[in-house]
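Trainee: A structural model of the following input is requested.
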Amino acid sequence: MRANLNKYSIWFLGLLLAVLTESAFSAMPNLSSGQQQILLSDRSDYYGQDIVGALPLAITTQRNSNNSQSNTVFGAANETSAGIARSAQPTITTQATSAAFPNPISDTATLSNGVNPTGTITFIAYGPVANTIPNCTTVAFTSIVSVNGNGTYQPNTPFTPLASGNYFWTASYSGDGLNNGVATSCGDPNEMSASCALITFLTTTLSSGNYGLPYSQTIQVANGTPPYTFSLASGSLPTGLTLSFSGTISGTPTVIGTFTFVIRVTDSSGCTGEQSYTLAISCAPIEFVTTRLPHANLGEYYNHQIVVNGYTPIIFSIEGRLPPGLSLVPTTGAIQGFPRATGRFHFDVVARSACGNSAERRFTIKSRR
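Mentor: Presented below is the predicted three-dimensional model:
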């Protein structure tokens with residue numbers, strides 16, 4: 001009786017195993033003869049790989065952390081099992097180039113994280129646009145290149161624009177049986193090419209300035225797309241002067257010398273131009289505004305100021321003889337006092353500025369009764 005029980009037990013276990021095996025194979029997709037499905041892990045290096053070897057008969061069921069279920073069926077010895085996996089997700093990064101119009105511009109796309117990717121990358125340039133706001137409505141250029149593995153790709157031929165302005169690129173990978181497609185979007189970073197018209201500096205030289213006196217000059221440009229923004233590309237302005245964003249050099253220089261610098265202009269399309277300048281700052285010359293003095297009357301108070309132009313403070317001095325009773329105030333240039341003698345008195349007034357310039361002029365005062 002024990003022998004019969006063992007016989008029926010073995011028969012029942014064999015029947016159960018057959019039913020389970022049949023259920024597993026009926027749930028699998030149609031495979032070629034001699035192949036069985038193995039659900040592989042999410043590791044990208046397994047994508048599209050086949051596993052060949054002698055595998056024992058077994059059925060494995062695993063509940064994954066995302067609550068999905070994977071079933072693995074292994075066949076008899078020396079049977080071949082084919083790996084079936086989800087598609088890889090490549091990434092694409094891009095970098096557009098700029099050039100002075102009408103030189104060519106281009107785009108570069110780097111494809112990575114794919115599994116032996118094939119297919120194509122399509123480059124499209126849109127434009128031209130007069131500003132830096134992304135606008136991908138007008139197609140100006142298209143190039144489709146073949147993909148053979150991860151790597152860097154460019155259009156088959158450079159794009160030579162027919163008009164200056166900004167161009168916005170997109171690059172899209174088609175995908176294949178093992179890799180999903182991926183694409184950049186209009187306005188992505190590094191995807192704007194500036195095809196720049198040559199900005200012309202109408203102001204090519206600067207007027208000289210004077211130490212301690214106000215200075216102002218505006219840089220004029222043409223052929224770009226206004227508005228323009230100016231900046232100092234290299235060198236330095238004289239101390240006391242500044243360059244505004246609108247291109248005006250202004251201020252009061254507080255140093256004497258010759259200064260060389262480069263000014264850069266950027267238009268609304270992002271195009272730039274540069275111009276080198278030399279600005280000389282010297283000590284302002286002294287000019288006498290007062291050219292003659294009135295007569296003096298004996299015994300009456302006399303007060304007249306000698307006026308000059310130049311960097312202040314200016315110190316005055318006398319060479320020669322004033323009428324007795326009159327004197328010169330060095331800090332103001334005023335001649336004051338009560339004349340005590342009559343006659344004609346000739347003398348020179350010398351004016352010296354703080355930055356070292358000097359000038360002199362001859363005057364005469366007639367003192368009378």
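Trainee: all contacts plus neighbour counts: C-alpha atoms, from now on.
Mentor: Noted.
Trainee: Distance-wise, check the closest residue to Gly187 other than its chain neighbours relative to Thr218.
Mentor: Ranked by C-alpha to C-alpha, 6 or more residues apart in numbering and with sequence neighbours excluded, the top spatial neighbour of Gly187 is Pro134, at 5.0 Å. Distance of Pro134 to Thr218, computed by C-alpha to C-alpha, to the nearest Å: 32 Å.
Trainee: swap in Leu298?
Mentor: From Leu298 across to Thr218, the span is 55 Å (C-alpha to C-alpha).
Trainee: now swap in Val329 and tell me
Mentor: For Val329, the distance to Thr218 - C-alpha to C-alpha - is 41 Å.
Trainee: Could you report the pLDDT at Phe101?
Mentor: Here, the pLDDT recorded for Phe101 equals 85.
Trainee: ok, it - contacts?
Mentor: For Phe101, the contact set (C-alpha atoms under 8 Å, 6 or more residues apart in numbering) comprises Pro161, Ala163, Ser164, Ser195, Cys196, Ala197, Leu198.
Trainee: same thing but at 7 Å, please
Mentor: Contacts for Phe101 (C-alpha atoms under 7 Å, 6 or more residues apart in numbering) come out as Ser164, Ser195, Cys196, Ala197.
Trainee: what does Asn179 give?
Mentor: Per C-alpha under 7 Å, 6+ apart, neighbours of Asn179: Ser87, Ala88, Gln89, Pro90, Gly114, Val115, Pro117.
Trainee: What is the nearest of these to Gly343?
Mentor: Closest approach to Gly343 among these (C-alpha to C-alpha): Pro90, at 105.4 Å.
Trainee: which residues sit in contact with that closest one?
Mentor: Contacts here follow C-alpha under 7 Å, 6+ apart; on that basis Pro90 touches Leu111, Ser112, Asn113, Gly114, Asn179, Asn180, Val182.
Trainee: between the contacts of Phe101, which has the most around it?
Mentor: Neighbour counts for the contacts of Phe101 (other C-alpha atoms under 10 Å) peak at Ser195, which has 27 neighbours.
Trainee: hang on, isn't that one packed against Pro104?
Mentor: No - judged on C-alpha atoms under 7 Å, Ser195 makes no contact with Pro104 at a distance of 8.2 Å.
Trainee: Could you pull out the helices in the stretch 151-300 of the chain for me?
Mentor: In the stretch 151-300 of the chain, no helices are defined using DSSP state H, counting those that start in this stretch.
Trainee: Would you confirm that Ala140 contacts Gly127?
Mentor: Yes - because the distance of 6.0 Å satisfies C-alpha under 7 Å, Ala140 is recorded as touching Gly127.
Trainee: List the contacts of stretch 126-144.
Mentor: Identification of contacts with stretch 126-144 by C-alpha under 7 Å, 6+ apart yields 120-125, 155-156, 159, 163-169, 186-187, 268-269.
Trainee: Check what pLDDT the residue nearest to Gly187 gets.
Mentor: pLDDT, Pro134: 92.
Trainee: That one in helix, strand or coil?
Mentor: What DSSP: H, G, I helix; E, B strand; the rest coil gives for Pro134 is coil.
Trainee: Can you tell me how far it is from Leu326?
Mentor: 79 Å.
Trainee: Quickly note the distance from the spatially most central residue of the chain to Ile124.
Mentor: When C-alpha atoms, centre = their mean is applied to the chain, the residue found nearest the centroid is Gly270 (8.6 Å). According to C-alpha to C-alpha, Gly270 stands 21 Å off from Ile124.
Trainee: Give me the below-cutoff pLDDT ranges for the stretch 101-250 of the chain.
Mentor: Residues of the stretch 101-250 of the chain meeting the criterion pLDDT under 70: none.
Trainee: Pairing partners for the residue nearest to Gly257 when sequence neighbours are not counted in the sheet, please.
Mentor: Nearest non-adjacent residue to Gly257, counting by C-alpha to C-alpha, 6+ apart: Ile281, 5.3 Å away. Beta bridges link Ile281 to Gly209, Gly257, judged by DSSP bridges.
Trainee: Local confidence estimate at Ile281?
Mentor: For Ile281, pLDDT reads 95.
Trainee: what's the neighbour count on it?
Mentor: Counted with other C-alpha under 10 Å, Ile281 comes out at 22.
Trainee: Please apply the same query to Gly247.
Mentor: So Gly247, with other C-alpha under 10 Å, has 21 neighbours.
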